[in-house]
Each structure stands twice: as structure tokens, then as C-alpha cells.
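Q: Quick one, structure for this:
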Amino acid sequence: MAIQVTLPNGAIREIEAGMTAGELASELSHRLGKQAVAAVLNGKTVDLTTRLQESCVLKLVTAEEPEGLEVYRHSTAHLLAQAVKRVRGAAVQLGIGPVIQDGFYYDMKLEPPLTPEELPRIEQEMAQIAAEDWPIRRLEVSRGQALELFAAAGEALKVELIHELPEEAVITLYEQGEFVDLCRGPHVPSTGRLQSFKLLSVAGAYWRGDANNEMLQRIYGTAFPKKAQLEEHLRLLEEAKKRDHRKLGKELELFMFSEEAPGMPFYLPRGMAIRNELESFSRQVQQRYGYEEVRTPFMMNERLWETSGHWEHYKDNMYFTEVDNGRHALKPMNCPGHMLIYKHRLRSYRDLPLRLSEFGQVHRHEYSGALNGMMRVRTFCQDDAHLFVRPDQIEQEIHQVIAQIDDIYAVFGFDYTLELSTRPADSMGEEALWDQAEQALRHVLESRGLAYRINEGDGAFYGPKIDFHISDALGRSWQCATIQLDFQMPEKFGLSYIGEDNQRAVPVVIHRAVYGSLDRFIGMLTEHYGGHFPLWLAPVQVKLLPVSGAFSGYAAEVESVLRSYGIRAEVDAREEKLGYRMREAQLLKAPWVVVLGAKEQQERLVSVRQRGDGEQGICGVEAFAGRLAEAIGRKAELQLQELE
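A: Residues are numbered from 1 along each chain as shown. Next comes the predicted model:
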């Protein structure tokens, strides 16, 4: 029987029913037959051994394409599991081995525990299995057969997973050589396709992510279809280690952590300078856009969180305490406090839009294993704002929020991609209001000509949202700014305004953040710049080095002049050699270093050197301070030639 296969370019190929996707790939092109690793059949990724039994839409994919790369990496996870079994023997119990961003991992129970020193040996075995070029075969068995197979192999974790499947379920296994694993697939045709991979690290992980379960070992790895791609990725990983904000934060004395407050950052003076600059910059932009800054309490009564919906959706991540015989919570979010501010007096339609902003400190309970420097903490500052608007103002206000985000991100040189997150399973409110909110966000994005992707079901529990993902210097994506449209919370808090018709109406709330978490943004900026912060943001903008102690007094005078211009300057007058102090200043990554000796003191000059430039210039103290202050005000870099 002949069937029709529609290809991505719209071409229709007539084939005999029963031909496999891999056979069709070879028939279409010898090269495609060799390079294809999987197929997308009617929107679902499948093995190349899948037989085409009826007319369909088919896309044949290589490992260079997203669907193919995922299959390639998942197959490499199985390669890892087989290698560990060979190296460690039957004592290994396998958990799960999914694909993650830029790689994969496999959770295993190993006795004795695996050490990082064993990874090269396992990699060698993986390469050996790839060289053996075992066909990877999909098998379908009954639940009983699967239980018997894995119980006999001592795979208790796999048995647990199978027990949770329905009695009548057809279970899929994948076999390569002597190795069989429980898996939905799909996989590449053979182990010989897997050539470029690297094991990266070993970590602990609770079985199935539940802290009540036993601790397993998680082996992380990465894989790419080409060796050059793998080498570039490993280069970026090494660069990321050098830029690690935890390492740089310690070296540059920006922030610290203490066992007395796990997951809660302490800002040191230099880190606080960065934070203050970011807040000041944001305040300036917000003032231009008509925001009014407020401040709300850190702790409020449990009743408030029940009203807002956070109690139902968020209580496991909140901190509670008893105050005056009543239960109170540290705020995990700022929005309920802003609802109370709005409600404290009668509002008219003429008062809207009302734009309230706050640099609000919030607390959220995170598992200790999830904490990660400034990127995942238990207390952080949100640059939060809530816009109370009439329905007819929604789209115009969202347009202005996007313009505001553009203004701020442009200073850092950030590009971004957009994601529209829709109604989640645990949402509150009527479906019709959700549809209206989602449509409003779509319309704004499309009217601005902005490309976006849909993130189905990932909205906040009270409304859909637009998330902004920025790319850093290493090409990594960070979700920072967000715009959330909320018809639910104003209803819950009984918010209203008097409309033109003298009737009460309910406002709509737009939740907005630009940095997101200020602390996380600082961590991200530290890595993005590698500690070489731009002039306006650098914690120490000028480092002053007197040639000897005889010129310390003049250094103090120059420091005073610079500070009078609002420039962050520091003198290093230690009794160390100038070369040593110069290297220290370079490690501090100060944008400008000033050397002061007899000539400079006598003629009231400064000898200056710009970061990353071996050239040295000389100019007057006031001229240097003025030019520097002017560049800082423009958030621009000052070039050495501009001082001549």
C-alpha cells in the first residue's frame, strides 16, 4: 500500500507503507541517511527504525538540529550508564538519565561512591563502546516482563519506576550490546554515532528530587556532534570558572556569606557601591516614567497571604513566626503590600495609572542544596513595581514598561529574547479573564514587532507574563525582567476606583521587574564583565599609587579632589614596591590607576593609566576629575586620548 509523506519543504513523497524513517532518509539523500539521528513524525520525535504505516508529516533530523541534539545527548547518557556498569560491575543501580541544557546527567547508586578521579576511566570505556558500534534497538515488553528483567538484575530503582506504571502498559526498553535500560526513547541508531563527549563532574542528588529519599550520585556530562563544538563549549566552561561570581566576589571584596545566615548575602563596601549605583540608575529611569517609590514591611499577618493566594500556592517557601498571638510571615513577594497601599484611600479614574515601585527585600525558603552564591539565595531585593491601571490603559502601560526595560538594558548592551508564559495548572480566577490577559500581552508584543515563544502553563498563579531572557558575554541566558498581567489579586483585595460614570470599577494590576533579583543581577553582571565593571559601575574607579611614602600627602589631596566630583577613589600607600602595588591594582580591576611622584606633586599633575592599556598619560588633577565625572554621568568609558 502506498502512503504519502509530507516533508518540511512541502514536498510530498510517495512510499510503500512499512518503510522505516531511516530507510526514507537514505532514499532521499546518501548524506542524510548517514547524518540523520532521529525523525519527527507528526510532531513527535521518534527513532529512525519507526515504520511509516500511514500518510504523515515527517522531518528527518541530524544531531545539528535541536531535536536531534537532544536525542544525541540522551543516547550519550545511556553510553555513560553502560560504561559505569562495565567499570563498576553489577553493584551499580541505575536511576534516571535525562537531557539538560548543554548536556545530560545520570543518577546512580554506587558503592563505594564514585570519585572525580574515576571519570577519565569511564570516558575511556564510553569511547570503547562507541568504537564497538552496537546497534541501539527498541524493545516493547509487558509490565511483568520488565519487572522480572530488572528485579533479576538487582535494579531496585528501575523496579520502583515500573511499579508506578499501569498494569496494562506496554513498556519500552533500549538495548545496546549487553546493556538494557528502561526508556521512552528515542535514540540514535548505534553507539558509533556518539563521538564527541566529556564527563564534567560528580554531585549528590536525592532520588527523584525528594529530600526524604536516599542520596544518589549524579554524573554530569556534555556531548556535541562535532569535536570543535565540544572544544568550544569546554573553553567556555573554563572561562565561566574564571568568571565565577563567587570567586570574583571574594577576590574583589564585593560580598560574602556566613554559616550564621545560610543563603543570605552580606554586602561589603565595594559590593554595596555597585548595588547603590544600580538602584540609583533604576530610580532615575523610573522617575522619567512617572513611578512613585514606596516601602512596605518585611513581615505581615498570615491573613494577608491567605487573601493574596500566596498561602495556598507558596506557603512551603515562606518563613513564619508568632507575633502578639498571631502568625506572621516574612514577605516572599512585595505585591500584597502594594495592594494595601492602593486600598488605603478612595481612588478615582483620574488617579490611574498609579505606578508604585519598591526595592523590596523578600525572603524565600530554598533547600540548602539549591543555594548557589548570589544566583540562588534565601533573601534578595526585587526592583518591584505594580501599576494599577484601567482596562483601557493596559496596552499603553505595557508598551511603556517595555520601553523602560529597553532603556536600562541598552546601557549594559544586553540583547534579549522574549517568552510569553500562559495559564498554569494551579491558576486562580476565571478562564475568560486569563484569555483576556493573555491576548493583551500577545497584542502588545505583536504590535511592537517583537518575536516571542510560548511557554505553555508557566505563568504566575494570578496571571500570564512576559519574561525577558538576556544573553551574557559567554552566551548564557538569564531570565531577569518580567511583566505580569493580573486581573485576580485586585478582586481578592477588593480594590476599586470611581469611574467616569460614578460607579465603582476594579483596576487591573501590572507586575513589573527589570533587574528581577538585584542580588542575582549583580552576580550575573560580575560574571558577564569578568569583574571588569564599566567605569560608572566599578566599585573602585580610580586607584591612587604614590611612588613612595613621601607622596602620600599629595595622593590624599588628589583622592579628596576626585571624591568631590563623586568619583570612587582609593589610595594604596602601603610600604610595598610600586610594581607590587600596580599588580594589586590590576587584580582589583580598577578602570584607572594614577601614579604620583615628584613631578606630579610639583606641577599638580596626575600620571594615569587606563585598564587594559599599557600607555600612560599626564594631565591636571581637575581636568582628569572633570572628564572622568562627565563620562561617569553619561555611563560611558573615558579614553586616554581624551585627556590630552
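Q: and the nearest residue to Glu431 once chain neighbours are set aside, what pLDDT?
A: Leaving aside its sequence neighbours, Glu431 sits nearest to Arg423 (C-beta to C-beta, 6 or more residues apart in numbering; 7.6 Å). Backbone N, C-alpha and C define where each C-beta goes, glycine included. Arg423 is assigned a predicted lDDT (pLDDT) of 86.
Q: Can you report how many residues lie near Arg423?
A: 21 (other C-beta atoms under 10 Å).
Q: cool, and Asp383?
A: Every residue meeting other C-beta under 10 Å relative to Asp383 is counted, giving 25.
Q: my guess is it meets Ser282, correct?
A: Yes. The pair Asp383 and Ser282 passes the contact test of C-beta atoms under 8 Å, sitting 5.5 Å apart.
Q: list residues touching both of those two?
A: 359, 514-515 (C-beta atoms under 8 Å, 6 or more residues apart in numbering).
Q: Pull out the buried residues from stretch 478-492.
A: 478, 480-492 (16 or more other C-beta atoms under 10 Å).
Q: I meant stretch 586-605, not that one.
A: Going by 16+ other C-beta under 10 Å, stretch 586-605 has these buried residues: 588-597, 600-601, 605.
Q: measure Met582 to Arg611 for me?
A: 12 Å (C-beta to C-beta, to the nearest Å).
Q: what do you get for Pro424?
A: Pro424 is 46 Å from Arg611, by C-beta to C-beta.
Q: cool, Ile454 as well?
A: 43 Å.
Q: if you count what's nearby, which of the two comes out ahead?
A: Counted by other C-beta under 10 Å, Ile454 and Arg611 do not tie: Arg611 has more neighbours, with 17 against 12.
Q: My understanding was that that one contacts Leu588; is that so?
A: No. Assessed by C-beta under 8 Å, Arg611 is found out of contact with Leu588, at 9.8 Å.
Q: Break down the stretch 451-600 of the chain into its strands, ranges please.
A: 453-455, 465-471, 477-486, 497-498, 504-505, 508-517, 542-546, 569-571, 592-596 (DSSP state E, counting those that start in this stretch).
Q: so which of those strands gets nearest Arg121?
A: For Arg121, the closest of these is strand 477-486, at 33.9 Å, according to C-beta to C-beta.
Q: residue ranges of the helices in the stretch 351-500 of the chain, please?
A: 394-412, 431-447, 488-492 (DSSP state H, counting those that start in this stretch).
Q: which one of those lies closest to Val99?
A: It's helix 431-447; of the helices of the stretch 351-500 of the chain, that one is closest to Val99 (C-beta to C-beta) at 29.0 Å.
Q: How far does that closest one sit from its chain's centre?
A: 25 Å (C-alpha atoms, centre = their mean, to the nearest Å).
Q: Run through the bridge partners of the closest residue to Ser258 other than its chain neighbours.
A: Distances taken as C-beta to C-beta, 6+ apart place Phe266 nearest to Ser258, at 6.4 Å, with adjacent residues excluded. Phe266 has these beta-bridge partners by DSSP bridges: Met256.
Q: In this structure Phe266 contacts Phe257, no?
A: Yes. Contact criterion C-beta under 8 Å: Phe266 and Phe257 qualify, at 6.8 Å.
Q: Neighbour count: the two, which is higher?
A: Between Phe266 and Phe257, counted using other C-beta under 10 Å, the more crowded position is Phe257 (18 against 12).
Q: Please name the residues that touch the more buried one.
A: Contacts of Phe257 (C-beta under 8 Å, 6+ apart): 263-266, 373.
Q: Give me the pLDDT value at it.
A: 93.
Q: Okay, Glu292 and Glu642: tell me how far apart.
A: On the measure of C-beta to C-beta, Glu292 and Glu642 end up 39 Å apart.
Q: what's the answer for Leu114, then?
A: For Leu114 relative to Glu642 (C-beta to C-beta), the value is 57 Å.
Q: Looking at the two now, which is surrounded by more residues?
A: Legend: neighbour count by other C-beta under 10 Å for Leu114 and Glu642, higher for Leu114 (19 against 13).
Q: Now the phi/psi pair for the more buried one, please.
A: With angles defined as degrees, to the nearest 10, Leu114 sits at phi -70, psi 140.
Q: cool, and the one 5 residues further on?
A: Backbone torsions for Leu119, taken as degrees, to the nearest 10, come to phi -60, psi -40.
Q: Start at 14, not 1
A: Done: numbering now begins at 14, and the last item shifts to Leu132.
Q: isn't it right up against Phe210?
A: No. Using C-beta under 8 Å, Leu132 is not in contact with Phe210; the gap is 11.4 Å.
Q: Looking at these two, which is more packed in?
A: Set side by side, Leu132 and Phe210 show more neighbours around Phe210, with 23 against 19, by other C-beta under 10 Å.
Q: So which elements touch the strand or helix carrying that one?
A: Assigned by DSSP states H and E, Phe210 belongs to strand 209-219. Counting contacts by 3 or more C-beta pairs under 8 Å, 6 or more residues apart in numbering; DSSP states H and E, strand 209-219 packs against helix 79-101, helix 132-145, strand 228-237, helix 240-256.
Q: can you list residues touching both of Met595 and Arg624?
A: Counting by C-beta under 8 Å, 6+ apart, the residues touching both Met595 and Arg624 are Val606.
Q: Among the helices of the stretch 364-513 of the chain, which comes closest to Asn515?
A: So among the helices of the stretch 364-513 of the chain, helix 501-505 is nearest, using C-beta to C-beta, at 19.5 Å.
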